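Participant: build me a structure from this.
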Amino acid sequence: MLEGLEWIGWKGIIKENSRVFIKPNFTYPLHKPGVTTTPAFVDTLLGVLKTRTSNLTVGESDGGYHGFQAEVGFRHHGMYEICEKHGAKLVSLSRLPSEMVRMPGDSNKLVVELPRLLTEEVDVFITVPVPKIHSIFGISVAIKNQWGCIPSTMRLVYHPMYPKAIVGMNQLLKPQICLTDATYALDNSGPLVGEPVRM
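Facilitator: Numbering: from 1, shown residues only. All right, here's what the predicted structure looks like:
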């Protein structure tokens, strides 16, 4: 991981004491290979980042359709212990103050709810997706992981406008670093059910 970060010049992106937000993919309450970000990957990433800044925050929203609270996913992915070990904050985006935000660019007629933490209090956004086949969109890479930044469990209301919404969200949040957790990839029908492939 450090070799990859050095290759992209990460110290030029993350200044000393930058406020860094890490968005894993905890779209399932348990660690599910190929579906959710591997806890060891987050552990390693925080270990590297804390040599540059102590302002580290890991966050995720509640599961869709009121499926589960983010705190349940944190517990089953060992995030409380991992974040404490590295002095990082752990937040449920569904429990933070949020606001309706107008999307930039071609999506400027679209308004999406987002936590103020992400729109006002982050210097560097790092997205940590899992490579997976998606039954609707073909393949889910680093762009779709930001969908989990919408704090409402009823994110599906945005699905009719999904393409413009997800492009607008990425333009607004501006993830500067993408670290794909390719410990496993997910084949077949994803994003929640499929065949995990050890990479």
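Participant: can you confirm residue 34 is in a strand?
Facilitator: No. Counting by DSSP: H, G, I helix; E, B strand; the rest coil, residue 34 is not found in a strand; it is coil.
Participant: just the pLDDT for it.
Facilitator: With respect to pLDDT, residue 34 has a value of 91.
Participant: could you report the separation of it from residue 184?
Facilitator: 4 Å (CB to CB, to the nearest Å). Using the backbone N, CA and C atoms, a C-beta is placed for each residue, glycine as well.
Participant: looking at these two, which one has more neighbours?
Facilitator: residue 34 (27 against 20; other CB atoms under 10 Å).
Participant: hey, C-alpha coordinates of stretch 157-165 in PDB?
Facilitator: Extracted C-alpha coordinates of stretch 157-165, given in PDB (Å, rounded to 0.1, in the frame of the first residue of the first chain):
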ATOM      1  CA  VAL A 157     -35.500   7.600  -3.900                       C
ATOM      2  CA  TYR A 158     -32.500   8.900  -5.900                       C
ATOM      3  CA  HIS A 159     -32.200   5.900  -8.100                       C
ATOM      4  CA  PRO A 160     -34.300   7.300 -11.000                       C
ATOM      5  CA  MET A 161     -31.700  10.100 -11.200                       C
ATOM      6  CA  TYR A 162     -28.800   7.900 -10.200                       C
ATOM      7  CA  PRO A 163     -26.300   8.600 -13.100                       C
ATOM      8  CA  LYS A 164     -26.500  12.400 -12.600                       C
ATOM      9  CA  ALA A 165     -26.600  12.100  -8.800                       C
END
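Participant: ok, and for it, which residues are buried?
Facilitator: 158, 164, 165 (16 or more other CB atoms under 10 Å).
Participant: quickly note the distance from the residue nearest the centre of the chain to residue 193.
Facilitator: With distances taken as CA atoms, centre = their mean, residue 23 lies nearest the centre of the chain, 2.6 Å away. Computed as CB to CB, the residue 23 to residue 193 distance reads 22 Å.
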